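A.B. asks: the following comprises the amino acid sequence and a computationally predicted model.
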Protein chains: 2
Amino acid sequence: MTDQLSLTFAALADPTRRAMLARLTEGPINVSELAEPFLDTMSLPAATKHVKVLERAGLLTKTREAQRRPCELNPDALRDVADWVEPYRAMWEESFDRLDAYLKTITDKSAKQSQPSKAAKGGKKDGRKK
Amino acid sequence: MTDQLSLTFAALADPTRRAMLARLTEGPINVSELAEPFLDTMSLPAATKHVKVLERAGLLTKTREAQRRPCELNPDALRDVADWVEPYRAMWEESFDRLDAYLKTITDKSAKQSQPSKAAKGGKKDGRKK
DNA sequence: TGGTAAATTAACTATTGAGTTAATTAACCG
DNA sequence: CGGTTAATTAACTCAATAGTTAATTTACCA
């Protein structure tokens, strides 16, 4: 698993690290500040290891400032994720359309009476598409 | 790492599994057909383990048909990935804009002569944004 | 210059992931 | 029935991940 995209996906496969990224959208902060919300569930060395995983995945950049290590979000790596997933969008929108069409047939007044009764909830325009 | 999104990201953190997903966009195929392109580098049981990882991540659905196991792409799990990454889009587009603005200042005819010479390639409209 | 703060490194443990070969299940087919 | 195909399970190895505590580095600061 040496390729860059795999490294990025692996880094994102952890709720602690995703929370750290979310925090970084508010601006650069030190490692200890990044770690702070998690110190009730893990030690500081454990948190700095998470930071290092994000760094190696190219998701954040660590600089130096005296003893502190201000970290900055590196959103370009996330663009690669978005670019990878984008071609699949047509597929999930298509399967939504199929569901939508199916729901139309079973809720249509002119439909036959052989309707699976429980499928009726959540009609068109339920806010999911796009 | 028990949450669904982490499972999905972990499943995507492997080039073999991503290639399997890509293959599935062409339509449903059996496990052995999914495995075939990789049998020069790994055994069949190894490949079926990859399929199982994708299945547990909700990325594919396996059905039965005699001895065969037709697999179908389950694009909804990818929608979750797209939804997660989407809020970050503003950040990478913004950092692109900053680069773009910087490149404009150093390539602008009226700019001062203190120009990092090698930064000049790849001017505006290089096709990256969106 | 001695103490303190920020972060990392070392050394270790436990769990999970990815792969192997061999054996087994399940269903078709002649 | 007996053989073959498709896929999985078993049992095992090896490497990587995630965590721990203790020690160390680095730089500020009074």
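C.D. replies: In hand now; what should we look at?
A.B. asks: what's around A:T25, how many residues?
C.D. replies: 12 (other C-beta atoms under 10 Å in any protein chain shown). C-beta: built from backbone N, CA, C; applies to glycine.
A.B. asks: which pLDDT value goes with the residue in chain A that DNA strand C sits nearest to?
C.D. replies: Here chain A gets closest to DNA strand C at one residue, A:S32, 2.5 Å apart by C-beta to the nearest atom of the strand. You'll see A:S32 listed with a pLDDT of 97.
A.B. asks: ok, now A:T105?
C.D. replies: 71.
A.B. asks: quick check: which element contains it?
C.D. replies: A:T105 belongs to helix A:89-107 when assigned by DSSP states H and E.
A.B. asks: pull the contacting residues for the residue nearest to A:M42 when sequence neighbours are not counted.
C.D. replies: Excluding its sequence neighbours, the residue lying closest to A:M42 (C-beta to C-beta, 6 or more residues apart in numbering or on different chains) is A:T16, at 7.7 Å. By C-beta atoms under 8 Å, 6 or more residues apart in numbering or on different chains, the residues touching A:T16 are A:38, A:42, A:47, A:50.
A.B. asks: how about the secondary structure of A:T16?
C.D. replies: Following DSSP: H, G, I helix; E, B strand; the rest coil, A:T16 is assigned to helix.
A.B. asks: check the one 10 residues further on too.
C.D. replies: Reducing the assignment to helix, strand or coil with three-state DSSP, the entry for A:E26 is coil.
A.B. asks: and for it, the neighbour number?
C.D. replies: Around A:E26 there are 8 residues (other C-beta under 10 Å).
A.B. asks: likewise the one 10 residues further on?
C.D. replies: For A:E36, the count of nearby residues is 14 (other C-beta under 10 Å).
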